[in-house]
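Student: got a predicted structure here, sequence first:
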Amino acid sequence: MSRTAGRTSPGMQLDGTLSAAAMPGASAKTTMITRVRMRSSISGWTGFRGLITTPSTSKKTSHLQSQSPLRSVSVLNGHRSPFEQEGRHPMSQLSSTATVHAPLARVWETLADVGTIAEWHPGVERSPVLSTHRTGLGATRRVELYDGTSAVEEVTSLDESRSVTVTMSEFSMPLSRGAATFEVVADGDDRTLVTMTMDYDMKYGPLGWLMNALLLRPIIGKLLASVLSGLDHHLVTGEHIGKNWAAASK
């Protein structure tokens, strides 16, 4: 099994193993506990079980791959972290932008309804609505992942037909807080630019910073791209994005 500092290679199992050399002063017990926590938390959160796989050599491509490749961006013009409203900046922020081949009104309707995420998110098996309303501020869902873990997400910021932010709670991932924002901009009559941004802080102090730099950021980047690809495919074809969709679409 190969390991690199801050990079991943095809087929590399991100099992959360950090050597004592990477953590000055860390004991063998600390390293073992870190390994177990990271295996469980990172795997459960992403739904990918921490495995970065080699793309298939098959000629079969998804609708999004064949027409409009994803574009990853590091800074969003005008995006303000939901944590900044509390006077604090997030430890980490990652974004990805893609063209979704559907009118803005339809894309917005899908994103704003908290009960629909299981239809287009490749990691979510079910998304029961916990609030009395499905849209608007305070709308709340429980996202239940295919690996058995879950999180509660509540709409905490909304700019009608422009952006929606959900803040996470009741999760087992290695974060102290996390939020996801979707921003939409019309790109003609039948296309919409969608940007998904993750703002989050890590647990475990300096160790959490190291976990984020070496392991979590690459996994989240892959997750964002997959989510937007699933959204596009669902809106174009009407198909439910299931557990094995990401692998089958390559």
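Tutor: Great, that's in hand.

Student: these two touch, right, residue 105 and residue 161?
Tutor: Yes: counting by C-beta atoms under 8 Å, a contact exists between residue 105 and residue 161, whose distance comes to 7.5 Å. For the C-beta atoms, the positions are set from N, CA and C on the backbone; glycine is no exception.

Student: of these two, who's got more company?
Tutor: residue 161 (15 against 12; other C-beta atoms under 10 Å).

Student: just for the chain, where's the confidence low?
Tutor: Scanning the chain for pLDDT under 70 picks out 1-91, 246-250.

Student: 80 - rerun?
Tutor: Counting by pLDDT under 80, the low-confidence segments of the chain come to 1-91, 172-175, 204-205, 244-250.

Student: can you pull out the strands in it?
Tutor: Counting by DSSP state E, the chain has these strands, from start to end: 71-73, 92-100, 124-126, 140-145, 150-159, 163-169, 175-186, 192-202.

Student: tell me which of those approaches residue 118 most closely.
Tutor: Across the strands of the chain, residue 118 has its closest neighbour in strand 124-126 (4.7 Å, C-beta to C-beta).

Student: that closest one pairs with which strands?
Tutor: Pairing partners of strand 124-126, with direction, according to DSSP bridges: strand 140-145 (antiparallel).

Student: which residues are in contact with the strand it pairs with?
Tutor: 44, 47, 114-115, 117-118, 121, 123-131, 150-155 (C-beta atoms under 8 Å, 6 or more residues apart in numbering).

Student: hmm, try it at 7 Å
Tutor: By C-beta atoms under 7 Å, 6 or more residues apart in numbering, the surrounding residues in contact with strand 140-145 are 44, 47, 114-115, 117, 123-131, 150-154.

Student: repeat for stretch 115-124
Tutor: Around stretch 115-124, the neighbours that count as contacts under C-beta under 7 Å, 6+ apart are 46-47, 110, 125-127, 129, 134, 141, 143-146, 226-227, 230-231, 234, 240-241, 245-246.
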